[in-house]
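[1] I need the structure of the sequence given here:
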Amino acid sequence: MERITSKTNKIVKDTKKLMTSSRERRERSLFVLEGARLCFDVLNSVYKVKCVLITDKAYEKYKDSADALIKESEASYFISEEVAEKLGDTQNSQGVFAVCKMQPSPEVIGEKVIALDCVQDPANIGAVFRTAEALGIDTVITYSCCDLYNPKALRASMGGVLRLAAYGTDNLKALLSELKGEYKIYSTVAEPCAIGITEADFSGKTVCVIGNEANGVEAQIKDISDALITIPMKGNAESLNAGVAAAITMWEMLR
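    Numbering: from 1, shown residues only. Predicted structure coming up:
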């Protein structure tokens with residue numbers, strides 16, 4: 001494999017741009033995985049690997065998995081520790097990176113679905129995917145959310161973004177309107193008029209909408225919902241973190 005030692009190498013600079021710029025990711029339809037777990041997880045996903053960059057130290061430590069990843073990649077490079085440090089989004093890089101190709105939304109939406117309405121925190125996005133995968137949610141719909149392929153979101157998902165069906169839409173109202181009738185549509189809110197989440201009927205096909213961290217679910221989405229649901233709270237907090245609210249909602253959907 002070719003060896004890269006310069007931090008100004010074009011491949012290094014292009015990879016760094018993908019890690020730091022959502023616009024760059026969108027325009028090139030590429031994203032970057034960092035770290036052994038995420039990079040090797042991609043082998044068990046639908047995503048294709050365009051390029052692998054790995055240090056000698058990381059290659060020796062993860063040789064079998066690294067060889068499998070390199071075999072599936074279109075191109076592979078050994079990089080110096082200095083280059084790995086430049087590329088890394090984490091404080092202590094493990095020295096392995098994979099540039100991957102984005103995939104189109106799945107053609108089929110599953111039966112148990114979480115829809116994220118303008119959720120902006122990458123940690124929340126990642127946590128939702130991690131929990132959704134763990135509990136058995138079929139599909140996560142994303143609308144006007146932060147970049148799903150943000151490095152922080154990818155890490156927080158613990159690989160969930162790679163394995164769980166993610167359906168992106170630029171018009172959540174229209175999509176939910178199409179699904180209504182076949183699916184029950186619930187919006188989660190912190191409003192006294194809503195029914196308690198334990199009283200909701202989650203049998204059959206269901207979509208539960210989780211709103212923006214500051215503003216909640218948009219009014220137009222609440223208007224087309226079959227019901228508004230709320231998580232009862234006995235404390236003084238006004239609302240729950242979006243990731244936590246999603247986790248509780250998904251648990252109730254599937255229990």
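[2] Quick check, Thr55 in contact with Leu87.
    No: Thr55 lies out of contact with Leu87 (Cβ atoms under 8 Å); the separation is 10.2 Å. No exception for glycine: its C-beta is placed from N, CA and C like everyone else's.
[3] shared neighbours of these two, anything?
    Jointly contacting Thr55 and Leu87 under the rule Cβ atoms under 8 Å, 6 or more residues apart in numbering are Ile79.
[4] which stretch of helix or strand covers Lys57?
    Assigned by DSSP states H and E, Lys57 belongs to helix 56-61.
[5] Can you mark which positions in the helix or strand just after that helix are buried?
    Following helix 56-61 in sequence order, the next helix or strand is helix 63-72 (DSSP H and E). By neighbour count on 16 or more other Cβ atoms under 10 Å, the buried set for helix 63-72 is Ser65, Ala66, Leu69, Ile70.
[6] what packs against helix 63-72?
    helix 36-41, strand 49-54 (3 or more Cβ pairs under 8 Å, 6 or more residues apart in numbering; DSSP states H and E).
[7] thinking again about what came up before, redo the buried residues of helix 63-72 as a markdown table? Include distance to Gly95 and pLDDT.
    Formatted as a markdown table, those follow (distance: Cβ to Cβ, whole Å; pLDDT from 0 to 100):
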| residue | distance to Gly95 | pLDDT |
| --- | --- | --- |
| Ser65 | 13 | 97 |
| Ala66 | 10 | 97 |
| Leu69 | 13 | 97 |
| Ile70 | 14 | 97 |
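[8] what's the closest of those to Gly211?
    Leu69 (37.8 Å; Cβ to Cβ).
[9] How much space separates that closest one from Tyr77?
    Distance from Leu69 to Tyr77, counting by Cβ to Cβ, to the nearest Å: 12 Å.
[10] what does Tyr186 give?
    48 Å.
[11] who has more neighbours, the two?
    Set Tyr186 next to Tyr77 and count neighbours by other Cβ atoms under 10 Å: Tyr186 wins out with 25 against 20.
[12] bridging residues for that one?
    As for beta bridges, Tyr186 partners with Cys208, Ala227 under DSSP bridges.
[13] isn't it right up against Val209?
    Yes: look at Tyr186 against Val209 with Cβ under 8 Å: they come within range, at 6.9 Å.
[14] which non-adjacent residue is nearest Val99?
    Cys51 (4.1 Å; Cβ to Cβ, 6 or more residues apart in numbering).
[15] Burial check on the one you found, number of neighbours?
    Neighbour tally, Cys51, other Cβ under 10 Å: 19.
[16] So it sits against Ile70, correct?
    No: counting by Cβ under 8 Å, Cys51 sits too far from Ile70 to count as a contact (10.2 Å).
[17] joint contacts of those two?
    Ser76.
[18] got the CA coordinates for stretch 236-246 in CSV?
    The C-alpha coordinates for stretch 236-246 follow below in CSV (Å, rounded to 0.1, in the frame of the first residue of the first chain):
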residue,chain,number,x,y,z
ASN,A,236,-39.8,20.2,38.5
ALA,A,237,-38.1,19.9,35.1
GLU,A,238,-40.2,21.3,32.2
SER,A,239,-39.2,18.6,29.7
LEU,A,240,-36.8,15.7,29.0
ASN,A,241,-33.7,15.6,26.8
ALA,A,242,-34.7,14.6,23.3
GLY,A,243,-32.6,11.4,23.4
VAL,A,244,-34.0,10.4,26.8
ALA,A,245,-37.6,11.1,25.6
ALA,A,246,-37.0,9.0,22.5
